[in-house]
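S.K.: Predicted model and sequence below, questions to follow.
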Amino acid sequence: MSSRTRNLTLLFVCILLVAANLRAPITGLGPVVGLIREDTGLSGTVIGLLTTLTLIAFAVISPLVPGLARRFGMELTLIVSLVVLTVGVIVRSLPSAFALFFGTALLGLAIAVGNVLVPTMIKRDFPQKVGLMTGVYSSFMNLWAAVASGLAIPLAEGANLGWRGSLAVWGVLTVIALIAWLPQLRYRQAPQQGGQQAKGSRINLWRSGLAWYVTLFMGVQSFFFYVNITWLPEILHAQGMSTETAGWMMFLLQLVSLPASFLTPIIAARLKSQRVIALSVAAGFGIGYVLLLTGGLFLTVIGTSLIGIAGGAGFSLAVMFFALRTRTVLEAAEMSGMAQSVGYFIAAIGPMLFGLLHDLTQSWTVTYITLFVTVVILAVLGFGAGKNAYVVATSPSSTAEGSLRKKTS
């Protein structure tokens with residue numbers, strides 16, 4: 001094995017360890033929401049704010065990450081984020097309501113860095129295998145998200161750790177990732193600036209219609225994900241399912257997303273247009289929610305599975321759009337930052353909104369109506385984002401800013 005191959009293999013392992021930490025600390029929260037409410041007396045609206053805080057942190061820090069990476073290097077930026085993530089997980093588990101919210105905000109800031117930089121790093125270091133590597137990265141992220149969902153209640157009640165201990169366990173995973181990343185400082189480098197952008201030029205995507213389609217698609221599919229992990233266990237429990245079974249349904253939702261997370265980027269990379277995939281994602285969400293509304297264990301299992309498949313495919317497709325709709329690593333970093341900034345502001349609305357709607361109506365009927373409307377919006381956005389075109393990122397002074405360039409074969 002050559003030195004370059006060995007280095008890339010180690011880098012890929014490190015990327016997977018980061019991926020394991022990008023969802024597990026969040027998905028482990030949903031199943032224990034009921035325990036938190038009982039222990040703290042917080043309302044549904046306030047509990048929904050926990051997930052919303054994470055997403056607001058994503059939105060605030062994401063557009064800053066490309067600049068930080070250019071200044072300090074991707075590797076060092078990721079290592080610092082892992083330190084902050086570890087601190088956030090620990091602080092969130094301390095016996096204080098303030099610590100619960102402050103720690104949640106910290107881990108949100110840290111996770112945002114990985115969300116932006118990992119897809120960019122894949123495009124930089126694995127340019128010929130973007131689809132495959134994105135698929136593996138997305139699958140590994142969803143795998144650990146599933147593990148965190150499934151183990152949340154057993155750790156809290158079966159292992160007698162309580163909900164605080166159940167959340168604190170994931171600090172072990174962050175420490176492992178941090179230790180593994182330290183040797184990567186030897187290869188510290190900033191994202192390459194090539195292609196059409198001269199060194200030091202300023203990239204602007206904010207007037208690009210295609211960039212906005214990608215951004216909004218990212219936001220709406222994330223809206224579904226965070227609503228699901230925050231409130232789906234509570235919705236199922238309200239329909240008569242036990243708390244533990246509802247937690248395992250979240251495990252199922254994440255587990256079935258793995259094949260879709262892996263295969264979708266590979267298929268998307270081979271297609272000129274990804275519109276069919278995007279519309280299939282919207283259809284999966286819509287049919288899945290209809291089945292959940294119908295009720296019954298069998299239909300609930302099928303509906304949860306469809307939602308999980310749609311979620312896995314939707315996320316990995318959104319991440320692939322960062323590479324498919326851009327030409328250079330610099331453009332991909334800026335596209336990732338823009339999409340995750342605005343996108344997570346959109347996603348942040350979901351958990352708190354659904355908690356508020358439930359508090360006001362004392363039922364989940366209005367939330368289902370909201371979900372069905374959002375499915376239609378996702379279909380429209382996916383049709384636009386799946387267009388066979390590149391964004392043209394230029395300086396603010398360019399009169400051609402925001403236009404699209406058709407791909408050439």
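M.R.: Noted; the coordinates are in hand.
S.K.: how much space is there between Ala313 and Gly73?
M.R.: 32 Å (C-beta to C-beta, to the nearest Å). Backbone N, C-alpha and C define where each C-beta goes, glycine included.
S.K.: now Ser261
M.R.: 28 Å.
S.K.: More neighbours: which of the two?
M.R.: Ser261 (31 against 18; other C-beta atoms under 10 Å).
S.K.: Just the pLDDT at that one, thanks.
M.R.: Note for Ser261: predicted pLDDT of 92.
S.K.: do Ser395 as well
M.R.: With respect to pLDDT, Ser395 has a value of 54.
S.K.: Also Gly247?
M.R.: 78.
S.K.: likewise Arg70?
M.R.: Value listed for Arg70 in the pLDDT field: 86.
S.K.: Next: Gly194.
M.R.: Predicted confidence (pLDDT) for Gly194: 43.
S.K.: I figured Trp163 was touching Leu35, is that so?
M.R.: Yes: here Trp163 reaches Leu35: they are 4.3 Å apart, a contact under C-beta atoms under 8 Å.
S.K.: Name the residue in these two with the higher neighbour count.
M.R.: Neighbours per residue (other C-beta under 10 Å) separate Trp163 from Leu35, with Trp163 holding more: 26 against 18.
S.K.: Which helix or strand contains the more buried one?
M.R.: Element membership for Trp163, per DSSP states H and E: helix 162-168.
S.K.: Just give me how far that helix sits from the chain centre.
M.R.: 22 Å (C-alpha atoms, centre = their mean, to the nearest Å).
S.K.: Can you mark which positions in stretch 283-293 are buried?
M.R.: Gly284, Phe285, Gly286, Ile287, Gly288, Tyr289, Val290, Leu291, Leu292, Leu293 (16 or more other C-beta atoms under 10 Å).
S.K.: so which of those residues comes closest to Gly209?
M.R.: Phe285 (24.1 Å; C-beta to C-beta).
S.K.: That closest one belongs to a strand?
M.R.: No: counting by DSSP: H, G, I helix; E, B strand; the rest coil, Phe285 is not part of a strand but helix.
S.K.: Report the spatially nearest residue to it, omitting neighbours in sequence.
M.R.: Ala310 (4.6 Å; C-beta to C-beta, 6 or more residues apart in numbering).
S.K.: is it true that the one you found touches Tyr289?
M.R.: No: counting by C-beta under 8 Å, Ala310 stays clear of Tyr289, with 9.9 Å between them.
S.K.: In three-state terms, label Ile79 for me.
M.R.: Quick answer, by three-state DSSP: Ile79 is helix.
S.K.: Where does pLDDT dip in the protein?
M.R.: Applying pLDDT under 70 to the chain flags residues 1, 187-203, 393-409.
S.K.: what's the longest helix in it?
M.R.: Counting by DSSP state H, the longest helix found in the chain is helix 329-361.
S.K.: Show the subsequent helix or strand relative to it.
M.R.: helix 365-385.
S.K.: in that following helix, what counts as buried?
M.R.: Applying 16+ other C-beta under 10 Å to helix 365-385 flags 367, 370-371, 374-375, 378-385 as buried.
S.K.: same question, stretch 243-259
M.R.: The neighbour-count check on stretch 243-259 (16+ other C-beta under 10 Å) flags 243-244, 246-259 as buried.
S.K.: how about the host helix or strand of Met121: buried residues?
M.R.: In this structure, Met121 sits in helix 97-125 according to DSSP H and E. For helix 97-125, the buried set under the neighbour-count rule, 16+ other C-beta under 10 Å, comprises 100-125.
S.K.: residue contacts, the closest residue to Gly103 other than its chain neighbours?
M.R.: Distance criterion C-beta to C-beta, 6+ apart; nearest residue to Gly103, sequence neighbours excluded, is Arg92 at 2.8 Å. Counting by C-beta atoms under 8 Å, 6 or more residues apart in numbering, Arg92 touches Ala99, Leu100, Phe102, Gly103, Thr104, Leu106, Leu107, Leu167, Ala168.
S.K.: Turn those into a markdown table, columns for distance to Gly158.
M.R.: Below are the contacts of Arg92 laid out as a markdown table (distance: C-beta to C-beta, whole Å):
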| residue | distance to Gly158 |
| --- | --- |
| Ala99 | 25 |
| Leu100 | 22 |
| Phe102 | 28 |
| Gly103 | 24 |
| Thr104 | 24 |
| Leu106 | 28 |
| Leu107 | 24 |
| Leu167 | 15 |
| Ala168 | 16 |
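S.K.: Among the residues you listed, which one sits closest to Val227?
M.R.: Nearest to Val227 among the contacts of Arg92 is Thr104, at 16.8 Å by C-beta to C-beta.
S.K.: Correct me if wrong: the closest one contacts Gly88.
M.R.: Yes: between Thr104 and Gly88 there is a contact at 7.2 Å, judged by C-beta under 8 Å.
S.K.: Quick check: Arg6 vs Ala238, distance?
M.R.: 52 Å.
S.K.: between those two, which one's more packed in?
M.R.: Using other C-beta under 10 Å, the more surrounded residue of Arg6 and Ala238 is Ala238, with 14 against 10.
S.K.: can I assume that one is in contact with Trp364?
M.R.: Yes: between Ala238 and Trp364 there is a contact under C-beta under 8 Å: 6.3 Å.
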